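# give me a model of this one.
(chains A and B)
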Amino acid sequence: MNQIKILLKQHIGAPCAPVVAVGDKVKKGTLLAQPTGLGANIFSSVFGEVAEITENHVVINADEVQPDEYEMISGETNLELVKNAGIVGMGGAGFPTAVKLNTDLNGGYILINAAECEPGLLHNIHQLETQTDKTVRGVKYCMEISNAAKAIFAIKAKNEKAVKAVKEAIKNEENMSVFLMPDIYPMGEERAVVRECLGILLEPTQLPSAAGAVVINAETVLRVAEAIEDKKPCFSKNVTVTGKVNNPSVFTDVPVGTSVSTLIDMAGGLADGVIGEIVVGGPFTGKSVADVNDPITKTTGGIIPTIEFPDLHGANIGILVCACGGSEARMREICEKMNAKVCSVQKCKQAQEIKGALKCENPGNCPGQAQKCIAMKKDGAEYIIIGNCSDCSNTVMGSAPKMGLKIFHQTDHLMRSIKHPLYRKLRVSKKIEQ
Amino acid sequence: MSISVETANAHKNDPAVLCCRAEEGTIIEVHNLEDPAIFDDLVDSNLLNLDGALTIGQVLGAKLIKTCDSLTPLTAAVLEGFKASADEEAPKAEEAAPAAAPAVQAQVPMAQFNGGVLKIHIGEGKDIDIELPLVNAGFPSAGGVNAPLQTVNVQQQEAAPVVKNVTKGSFDRKHFNITEVKRGPETKIEGTTLYIREGIEADAVASQDLVVDLKIDIITPDRYNEYSETIMDVQPIAVKESGEIGSGVTRVIDGVIIMVTGTDENGVQIGEFGSSEGILEENIMWNRPGAPDKGEIFIKTNVTIKAHTNMERPGPLAAHSATDLITQEIRDALKGLDESLVTNTEHFEHVRHYGKKKVVIVKEIMGQGAMHDNIILPQEPVGIIGGKPNVDLGNVPVTVSPLEVMDGCIHALTCIGPASKETSRHYWREPLVLECLQDEEIDLCGVVFVGSPQINSEKFYVSKRVGMTVEAMDAEGAFVTTEGFGNNHIDFASHIEQIGMRGISVVGMTFSAVQGALVVGNKYMTHMVDNNKSEAGIENEVLSCNTLCKEDAVRAIAMLKSAMAGESVKTAEKKWNPNVKASNVEAVEEVNGEKLELVLNEQSLPMSQKRKEKYN
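The predicted model follows:
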């Protein structure tokens, strides 16, 4: 029997409190848990019976037969529907969408984040190509709720098909436009989207509202449309499964709570050869999955099994931590997997610690890294590993190799697994003709 | 890493290098530029070639005409609209950095303790004129010194009602002008002509066992192009008319100085870490506090001492003593001169400004170990008789009044590197003491001389006494100065540590730059002023070139005031950068509202063969 594990914390805020008991029969869309503070409702994604409830999750034994129908939500207003649907930011941040939209932008902007800048992930672009109209309607709802006058789709220019589809869909919408972004990382960082679309560089502590804008992920917009038009609760997620699987695929409307291993099976199973690790999320900000039976959540974007790690035989390695890539802990984990000894940890000048997480002062625009490379070299590094954005990686390449440092990027094994160029020298312009 | 507006301003004359890739059309701003602090590392490892690079001041606001990668030096080939000179941009930069004015003194240098090596980097001046004494005058005119001192007494400090000005002492310096020096049957002064007794050389030689020969040369300006052995000392000719040193009346001759030069019997120069033998005008940095002023006549003794005594205490002392026998005869003649021959009188006062921040000057005397001495407090100004050699005093700190310093309480036998050694005349015209005496914002309580023993354990013995002395004075701030470089920096660092650890603000002053980079350091060495003036930052063996001058004193005072006010000073760059001094001088000028004329360096002198070799 298929078991589905639904986490009680799938969002920024406190874990939700269960409202079901073991033995309860549930349907798709049955409310399982409610917020205790900042948070969002959590629903069952399957028909079945509650088998286990803990502090952290609810386990449901799924029925063999899974009809398409679901329990509908109700609400007086569109905002209430979004809130009751339990929608959270699906780009990965998981901020409750009803809270984000419950603002008066007073004629400001809805910025649709379709940058999908984590390399390898394709589900946002797939959605724009296949569900264009519903996405555009979702944007309109968001504009109405938050009193925005304009909406801008931020899409990388390389996604020509999606750009064409969106442009076609909004050709009669005076207040909507497309902003083309270069194919560099991290264009999808919230403040990078604001900076690129509106020309306003926010402080790391500021929210987009400071620029009169709300930045909302493309899939989130779609779920808003579903909540309002279809009264559908948020219990499914679009996921890209790529890397060392036999059939890399985009899966739409995957029930939240589905296990990583199920998704890998759906993608044809693991490819032959040694697997280095399985990353959940994107190559830059994702994490190595501890257990393949772990479930996906409302914020899971990618599942990427990787090729094996190189063995550095205990060589000294320096870590350059930045806000755009993995945390120091993640970088150390990779070093350990590469059998390297960390001898130096440097932090990018622009990485500021805000509420326990690093944020870049000016995402994607390098502040210079030569000093950091010199410091790592002085600390005895033979190798260095960086998690930097495209621009900073380029800068590191301008000095580190000449110093005799050998360079890894934190995403190298992932890039090789998805057959994407490694992050080294920057060969494209940061500016795009609109 | 990209730099701030303040850093860009401080480095406006340094090369501009992109910190990161920048695309065609980019208008260059400070965040596009790499920090010059790392250039040395990069250049050293062939990662960077700065040939043809424009300066930071030139490129700001210019437009990049070609996409360039990180660490690309910005040259005329890739920019349009850059400025012809960095200065063009200066006022704009200041507008862009309103913080510059209050941060003025915080910009003043700087020391860096880096992996066990402390390096200091400050600049130098060049091609600017001199503000020190007038030609043919032993000292600035009476008005120049008197006026500010007298103002102190009348001026009420509005913001600090508790300030009480008390004059602790005073003395007068009467000047007698000499225009000609001749030999004659007796030592005497007639009008403005000084006669030196023929045959006095034999008496001088006879007075000292270690002296085997002594010659006197009267060097007039037309003979500046002659060869001389190494210059051991430059001394004023002065005598007490009344009172003891530091009080009463002193008479001094203008236009003539005593110069002690010499070798041992084997022709080895009496000096260490370089010597200044050669053509006089190629080896003397004119008008430094410790050097002859251009135009003066030298009574130059060329003393030959016994072989191998040049590197021990008694040898140089004998050379000085033999010379002092001659000076003493002139002193006696000067003492009897008619009052009508006085050309001007300077009045020195030591006014305590009770209620202002109390500061003390600690001068480390004798740079290199213990082979040469300083005679402290002789009977006559810069004499020998009656004075005590600091080595015999155990090198322990000796506290004197600023007036005693200005009245020749030190007879310097220092024979370390010519460019940084402080001659007897240096103390007689000591710029830091003079500037502090005239500064009514601080309360100069005294000057402490401390020797530099040879053995490390003794160095720490005396530096601890320095710390206790300064603590007992309840000083809030201290200057520590030293001459020479290398071994004496161990004491220097320890003095600063012993003072700093007692919570007293301390500013260090030394020749450092390239060749004198500190070999030791500690966490209290955060406020440093480099006395270097040489073009290349080296001991160039030009007499007095790198000694403490007014421009250094002014910077040090500004820095100590900042330190006592709790302001921080930027960390030094890894390598010596002359532009740091330039921007600090600018900052000090802005605060003080007066132009600080920088002294010339060796580039203004005819090039000696030795220097040609050194600089190539």
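# where does chain B have its least confident helix or strand?
The helix or strand of chain B with the lowest confidence, counting by mean pLDDT, DSSP states H and E, is helix B:142-154 at a mean of 32.
# partner strands of the next helix or strand after it, parallel or antiparallel?
Proceeding N to C from helix B:142-154, the next assigned helix or strand is strand B:164-177, under DSSP states H and E. With DSSP bridges as the test, strand B:164-177 is paired with strand B:248-254 (parallel), strand B:342-354 (antiparallel).
# now, of those, which is deepest in the fold?
strand B:248-254 (a mean of 22; mean count of other CB atoms under 10 Å in any protein chain shown). (C-beta placed from N, C-alpha, C; glycine too.)
# packing partners for the lengthiest strand in chain A?
Among the segments of chain A that qualify as a strand by DSSP state E, the longest is strand A:148-156. On a contact count with 3 or more CB pairs under 8 Å, 6 or more residues apart in numbering or on different chains; DSSP states H and E, strand A:148-156 meets strand A:108-114, helix A:123-130, helix A:132-146, helix A:160-169, strand A:176-181, helix A:190-198.
# figure out which of those is closest to chain B.
For chain B, the closest of the helices and strands packed on strand A:148-156 is helix A:190-198, at 14.0 Å, according to CB to the nearest CB.
# B:Met509 - that's part of a strand, no?
Yes. B:Met509 forms part of a strand when assessed by DSSP: H, G, I helix; E, B strand; the rest coil.
# quick check: beta-bridge partners of it?
B:Thr481, B:Val529.
# secondary structure element holding the residue nearest the centre of chain B?
Residue closest to the average C-alpha location in chain B (CA atoms, centre = their mean): B:Leu548, at 0.9 Å. Here B:Leu548 sits in a region with no helix or strand, counting by DSSP H and E.
# now swap in A:His413 and tell me
Going by DSSP H and E, A:His413 is in helix A:412-418.
# near chain B, which residues of chain A show up?
Where proximity means CB under 8 Å from any CB of the partner chain, the interface of chain A facing chain B comprises A:349, A:365-372, A:374, A:391-392, A:394-395, A:398-399, A:402-403, A:426, A:429-431.
# count the residues that sit near residue 292.
As the question left the chain open, I've gone with chain A. Around A:Val292 sit 17 other residues, with neighbours defined as other CB atoms under 10 Å in any protein chain shown.
# wrong one, I was asking about chain B
26.
# still on that earlier bit, is it possible to export the strands paired with strand B:164-177 to JSON lines including mean pLDDT?
Formatted as JSON lines, those follow (pLDDT from 0 to 100):
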{"stretch": "strand B:248-254", "mean pLDDT": "97"}
{"stretch": "strand B:342-354", "mean pLDDT": "96"}
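# ok, the nearest residue to B:Thr75 once chain neighbours are set aside to B:Ala77 distance?
Among residues not flanking B:Thr75 along the chain, B:Gly52 sits closest, at 4.4 Å (CB to CB, 6 or more residues apart in numbering or on different chains). To B:Ala77, B:Gly52 is 8 Å away according to CB to CB, to the nearest Å.
# out of the two, which sits in the busier spot?
Between B:Gly52 and B:Ala77, counting by other CB under 10 Å, B:Gly52 is the more crowded of the two (11 against 8).
# ok, the more buried one - contacts?
Contacts for B:Gly52 (CB atoms under 8 Å, 6 or more residues apart in numbering or on different chains) come out as B:Pro73, B:Thr75, B:Ala76, B:Ala77.
# buried ones among the residues of chain A next to chain B?
A:349, A:365-372, A:374, A:391-392, A:394-395, A:398-399, A:402-403, A:426, A:430 (16 or more other CB atoms under 10 Å in any protein chain shown).
# for the stretch 1-150 of chain B, give me the ranges with low pLDDT.
Residue ranges of the stretch 1-150 of chain B with pLDDT under 70: B:86-150.
# which residues in it form helices?
B:5-10, B:39-44, B:56-59, B:90-96, B:142-154 (DSSP state H, counting those that start in this stretch).
# tell me which residue in chain A sits closest to chain B.
A:Gly368 (3.0 Å).
# ok, now which ones touch the nearest residue to that residue once chain neighbours are set aside?
Nearest residue to A:Gly368, sequence neighbours excluded (CB to CB, 6+ apart): B:Cys19, at 3.0 Å. B:Cys19 makes contact with A:366-368, A:370, A:395, B:1-3, B:31-35, B:70-71, according to CB under 8 Å, 6+ apart.
# pLDDT below threshold where in the stretch 401-550 of chain B?
Using pLDDT under 70, nothing in the stretch 401-550 of chain B is flagged.
# mind running it again at 80?
Where the stretch 401-550 of chain B drops to pLDDT under 80, the residues are B:415-416, B:519.
# quick check: the residue of it nearest chain A.
For the stretch 401-550 of chain B, CB to the nearest CB, closest residue to chain A: B:Gly521, 18.0 Å.
# tally of neighbours for that residue?
24.
# that one: what secondary structure?
coil.
# try A:Leu79
Per three-state DSSP, A:Leu79 ends up helix.
# look at it and report its pLDDT.
A:Leu79 is assigned 97 on the pLDDT scale.
# so A:Ile12 touches A:Val99, yeah?
No. Counting by CB atoms under 8 Å, A:Ile12 does not reach A:Val99; the two are 9.2 Å apart.
# who touches both of those two?
A:Leu38.
# avg pLDDT for stretch A:421-434?
So the average pLDDT for stretch A:421-434 ends up being 88.
# no, scratch that, I was asking about stretch B:308-320
In the prediction, stretch B:308-320 has an average pLDDT of 89.
# count the neighbours of the nearest residue to B:Gly191 once chain neighbours are set aside for me.
Nearest non-adjacent residue to B:Gly191, counting by CB to CB, 6+ apart: B:Leu341, 7.3 Å away. Residues lying near B:Leu341 (other CB under 10 Å) number 17.
# cool, and B:Glu198?
B:Glu198, neighbours per other CB under 10 Å, totals 13.
# for it, give me its contacts.
B:Arg183, B:Gly184, B:Pro185.
# and residue 384, what does it touch?
Just so you know, I chose chain A. A:Ile317, A:Gly318, A:Ile319, A:Leu320, A:Cys373, A:Met376, A:Val396, A:Ala400, A:Leu405, A:Lys406, A:Ile407, A:Phe408.
# please refer instead to chain B.
B:His320, B:Ser321, B:Asp324, B:Ile375, B:Pro378, B:His411 are the contacts of B:Ile384 under CB under 8 Å, 6+ apart.
# the fifth one: what's it in contact with?
By that I understand B:Pro378. Per CB under 8 Å, 6+ apart, neighbours of B:Pro378: B:Ile245, B:Ile384, B:Ile385, B:Gly386, B:Gly387, B:Gly408, B:Cys409, B:His411.
# in ChimeraX, select just the buried ones from the residues you listed.
Buried residues within the contacts of B:Pro378, by 16+ other CB under 10 Å, are selected in ChimeraX with:
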select /B:245,384,387,408,409,411
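# can I get the contacts of B:Pro378 in JSON lines with secondary structure?
Compiled in JSON lines, the contacts of B:Pro378 are given as follows (three-state DSSP):
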{"residue": "B:Ile245", "secondary structure": "coil"}
{"residue": "B:Ile384", "secondary structure": "coil"}
{"residue": "B:Ile385", "secondary structure": "coil"}
{"residue": "B:Gly386", "secondary structure": "coil"}
{"residue": "B:Gly387", "secondary structure": "coil"}
{"residue": "B:Gly408", "secondary structure": "coil"}
{"residue": "B:Cys409", "secondary structure": "coil"}
{"residue": "B:His411", "secondary structure": "strand"}
